[in-house]
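Undergrad: Model the structure of this input:
(one chain, ligands or ions: 1)
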Amino acid sequence: MRRGFLGGTFNPPHLGHVQAAAEAAKELELDALYLIPAGIPPHKELPEGGATGEQRLEMTRLAFDGIPGLQVLDWELRRKGKSYTADTVEALRTEDPEGELWMLCGTDMFETLPDWRRGDWLMRTLRVAPYPRKAGEEERIDALAEAYRREFGTTIRRIGVQPLEVSSTSLRVLLRKGKGAALLPKEVYRFILKNRLYDVRPEPDALWELARPWYKKSRIPHVLGCRETAVNLAERWGADTLDAENAAILHDITKKMPVEEQLQYCEKRGNINFSYRPEYEEALHAFSGAAAAALEFGVSPEVESAVRWHTTGRADMSLLEKIIWLADYIEPNRTTPGVDEIRRLAESDLDEALRRALESSLRHLEENGRTPHPATREALAFLCRGEVDS
Ligand code: ATP
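TA: Predicted coordinates for the structure are as follows:
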């Protein structure tokens, strides 16, 4: 049997890993390729407060899911102490002592191989398939390969992969800034968001791709209108534009969900001061949407709160809450009477725009015989009080 393996910390696994592994499996015509997340890597510190071993294992499974012949092994995570490749190779060889065993690695690992624990033995036992991590590393690899062949007699074959210049370290920095999604397999990104790993902030385009299936087709123009308006208002009033964009993308996320399921989200989140009453059914989706935004997409407390209050409003709203409430009310697809005036006001006086919009919304509810949620009256009263006080 011809088998290969790629070890790493996979913190997180990225498209550089996936692309190199898939190409190597093809070029070497491997019968099996193992991905082996390290438990305690001997050569680097795992960053504090990052992903756990189990989470790295799960992300590795998600990253390589669907690639034929690829299998994720948890051996190094289960083994005690540092994860030495020599121990793993020993175990792999026990399974198939006569077969070919190829180790895949990027240039960085290839350069240090003989210095690894039992490096001499590894060099004489393994076949090695190095590949460039950056453009132009091929010559360096070939020169090293020649030296290793001479010294240890190692069988080496360079993989001709087009390098994707990314490392897990640089990715973690990008994720904190609301970037980097395009360098990750979609399901890994979803997992990172859901578990709020690496202090991730959702990247709006990637978040939209994940959130879109939650919406009815007919609601999409509204959500996109709201997204655009929220960004404009955030720029105008100095709010965090990334938070505004993400809150707008998620604000109606549970709107098409049956009430029972919405209530389950509220219960699971456990911090919703809203007891469901049929007369406030319109407001439920804001509370359950906030819960889903936090539980499924790991949004920050500020974004969660903006989603939660986007329908009812509340007393003493944060700037982001005001922006999302208004964006929902004035986005370009809205044709409510008087909306143009509120659009204009939103440019010059945000609180006045909100006050007018709340009044008009309360009037509209009453005209239609519906009971407004108490938080809406409180929102309006708070704004009017501000006026009296000043
Ligand atoms: P870190 O930034 O923590 O060093 P990393 O991105 O180098 O992480 P590891 O999980 O440590 O990722 O690497 C596992 C293996 O994948 C190593 O052999 C490494 O050379 C290789 N590798 C890492 N990044 C890439 C990439 N962009 N393209 C191809 N191979 C890569």
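Undergrad: isn't there a strand covering Ile36?
TA: Yes: per DSSP: H, G, I helix; E, B strand; the rest coil, Ile36 lies within a strand segment.
Undergrad: Pretty sure Leu70 is one of the things it touches, is it not?
TA: No: contact between Ile36 and Leu70 fails when scored by C-beta atoms under 8 Å: they sit 11.4 Å apart. The C-beta positions use only the backbone N, C-alpha and C, and glycine is treated the same way.
Undergrad: For the closest residue to the ligand within the stretch 51-200 of the chain, the count of nearby residues, please.
TA: Residue nearest to the ligand within the stretch 51-200 of the chain: Gly106 (2.2 Å; C-beta to the nearest ligand atom). Using other C-beta atoms under 10 Å, the number of residues around Gly106 comes to 23.
Undergrad: Show the model's pLDDT score for it.
TA: At Gly106, the pLDDT value in this model is 95.
Undergrad: go on, Lys80?
TA: We have a pLDDT of 88 for Lys80.
Undergrad: Please, which helix or strand holds it?
TA: When elements are assigned from DSSP states H and E, Lys80 belongs to no helix and no strand.
Undergrad: before we move on, back to that, check contacts around the residue of the stretch 51-200 of the chain closest to the ligand.
TA: Gly106 makes contacts with 16, 20, 130-133, as judged by C-beta atoms under 8 Å, 6 or more residues apart in numbering.
Undergrad: In the sheet, which residues pair with it? Tell me.
TA: In this structure, Gly106 bridges to Tyr131 when assessed by DSSP bridges.
Undergrad: I'd like to know how far it sits from Asp65.
TA: 22 Å (C-beta to C-beta, to the nearest Å).
Undergrad: again with Asp108
TA: Using C-beta to C-beta, one gets 26 Å for the distance from Asp108 to Asp65.
Undergrad: which element is Lys60 on?
TA: Residue 60: Thr, not Lys. Going by DSSP H and E, Thr60 is in helix 53-64.
Undergrad: Distance from that helix to the middle of the chain?
TA: 14 Å (C-alpha atoms, centre = their mean, to the nearest Å).
Undergrad: Quick check: mean pLDDT of that helix?
TA: According to the model, helix 53-64 has a mean pLDDT of 97.
Undergrad: Which neighbouring elements make contact with that helix?
TA: If you count contacts as 3 or more C-beta pairs under 8 Å, 6 or more residues apart in numbering; DSSP states H and E, helix 53-64 packs onto helix 15-27, strand 32-37, strand 70-72, helix 75-78, helix 186-194.
Undergrad: contacting residues for the residue nearest to Arg140 when sequence neighbours are not counted?
TA: Closest residue in space to Arg140, ignoring its immediate chain neighbours: Thr107 at 6.5 Å, by C-beta to C-beta, 6 or more residues apart in numbering. Contacts of Thr107 were listed using C-beta under 8 Å, 6+ apart, and they are 130-134, 137, 140-141.
Undergrad: Neighbour-wise, give me the winner out of those.
TA: Among the contacts of Thr107, the one with the most neighbours (other C-beta under 10 Å) is Pro130, at 29 neighbours.
Undergrad: Export the contacts of Gly106 as CSV, with columns for distance to Glu228 and pLDDT.
TA: Putting the contacts of Gly106 into CSV (distance: C-beta to C-beta, whole Å; pLDDT from 0 to 100) gives the following:
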residue, distance to Glu228, pLDDT
Gly16, 33, 95
Ala20, 39, 94
Pro130, 47, 97
Tyr131, 42, 95
Pro132, 41, 94
Arg133, 39, 92
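Undergrad: ok, back up a step: out of the helices and strands packed on helix 53-64, deepest packed?
TA: Per-residue neighbour counts averaged over each of the helices and strands packed on helix 53-64 give the maximum for strand 32-37, namely a mean of 23 (mean count of other C-beta atoms under 10 Å).
Undergrad: now that one, how far from the chain's geometric center?
TA: Distance, stretch centre to chain centre, for strand 32-37: 24 Å (C-alpha atoms, centre = their mean).
Undergrad: Stretch 374-383 now?
TA: 35 Å.
Undergrad: Could you list the low-confidence segments of the stretch 1-150 of the chain?
TA: Flagging of the stretch 1-150 of the chain using pLDDT under 70 yields an empty set of residue ranges.
Undergrad: Close to the ligand: what parts of it are there?
TA: Residues of the stretch 1-150 of the chain lying near the ligand by C-beta under 6 Å from any ligand atom: 6, 8-11, 16-17, 20, 105-106, 108-109, 133.
Undergrad: can we see that at 8 Å?
TA: Within reach of the ligand by C-beta under 8 Å from any ligand atom, the stretch 1-150 of the chain has these residues: 6-11, 13-17, 19-20, 37-38, 41, 44, 104-110, 131-133.
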